[in-house]
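J.: Got a predicted structure plus its sequence, pasted below:
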Amino acid sequence: MDLNFSEAEVQRYARHILLREVGGTGQAKLKAARVLIIGAGGLGAPLALYLAAAGVGTIGLVDNDVVELSNLQRQVIHGEASVGRKKVLSAKEALLRVNPLVTVTTYAMRVAPENVEALVNDYDIICDGTDNFATRFLVADACVAARKPLVSAAVLRFEGQISTFKPHEGGPCYRCLYPEPPPEGLVPPCSEAGILGSVTGVMGTLQATEVIKEITQIGQSLSGFLLVWDALASEFRKIKLKKDPACPVCG
């Protein structure tokens, strides 16, 4: 583990290094880490910004969409000048403005069966910030096959949920929680149901926190738990998840 930090790095990460649980060793782990973020939207925006600010050495961004005016209510990584541009390119510029010491790799593509394995295999931790079930299940299954931790969050209207899935370490996988995607039309997308912008900020920041905990190996992992937040009630619930011995993916 390379603990040789430049003077600029020591100053930039001073508040981390002061934390007994993180220190120089934890900051070195962050610098060496490779994190893939799938989705540069409402969840991916705060997630990517905080990981870059924290000094995660390599951040991969996957998204095939362009910035639209309706995105700006919650996707704080983009500005009005970015409308019409690829989200990953707009996001990369924002991350490097926050921290030019990190490496940002962009993938202006949709995650598909033919590319998901190569994407997942190139990173240490995978973050799901997508808005459709097909991609969620594809990414989750690929993480099980590659034995990679998955930090997954979802939002709708005034609610959010998050968990970390590490079946290779004995925890449940995504399909232990949701065996199959819901029927078409049962769960409306945010574009139809709406979303309070700041809810994505809270859940994306929680994702960043869980990623940093996994990299530095501090605190209690969310593996085996589902954290649910109701913004209107100002209420968090932590639900115990069990591994399904009959799970077709990890059982």
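T.: Ah, there it is. Because the structure is a prediction, the values reported are computed rather than measured. Numbering: from 1, shown residues only.
J.: Please tell me how far the strand or helix carrying residue 229 is from the chain's geometric centre.
T.: Using DSSP states H and E, residue 229 maps to strand 225-230. In terms of Cα atoms, centre = their mean, to the nearest Å, the centre of strand 225-230 is found 15 Å from the chain centre.
J.: let's number from 283 now, not from 1
T.: With the count now opening at 283, the last piece we talked about shows up as strand 507-512.
J.: pull the CA atoms of it into PDB?
T.: Taking Å, rounded to 0.1, in the frame of the first residue of the first chain, the C-alpha atoms of strand 507-512 are listed here in PDB:
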ATOM      1  CA  PHE A 507     -29.800  -5.400   5.300                       C
ATOM      2  CA  LEU A 508     -32.100  -3.200   3.300                       C
ATOM      3  CA  LEU A 509     -32.200   0.400   4.400                       C
ATOM      4  CA  VAL A 510     -35.500   2.200   3.500                       C
ATOM      5  CA  TRP A 511     -36.100   5.900   3.800                       C
ATOM      6  CA  ASP A 512     -39.500   7.700   3.800                       C
END
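J.: What mean pLDDT does it get?
T.: Averaging pLDDT along strand 507-512 gives 98.
J.: after it, next one along is what?
T.: strand 517-522.
J.: who touches that next one?
T.: Strand 517-522 has contacts (Cβ atoms under 8 Å, 6 or more residues apart in numbering) with 506-512. For the C-beta atoms, the positions are set from N, CA and C on the backbone; glycine is no exception.
J.: now do stretch 499-513
T.: 303-304, 308, 311, 431, 433, 440-448, 451, 453-454, 459, 478, 480-481, 484-485, 488, 492, 495-496, 517-524.
J.: List the contacts of residue 452.
T.: residue 525.
J.: Give me the pLDDT for it.
T.: 95.
J.: Next one: it from residue 524, what distance?
T.: 11 Å (Cβ to Cβ, to the nearest Å).
J.: my guess is residue 424 meets residue 399, correct?
T.: Yes - with contacts counted by Cβ atoms under 8 Å, residue 424 reaches residue 399, the gap being 5.9 Å.
J.: Comparing these two, which residue is more hemmed in?
T.: A count of neighbours by other Cβ atoms under 10 Å puts residue 424 above the other of residue 424 and residue 399, at 21 against 12.
J.: could you pull out the strands for the protein?
T.: 316-320, 340-344, 385-389, 407-410, 432-438, 441-447, 507-512, 517-522 (DSSP state E).
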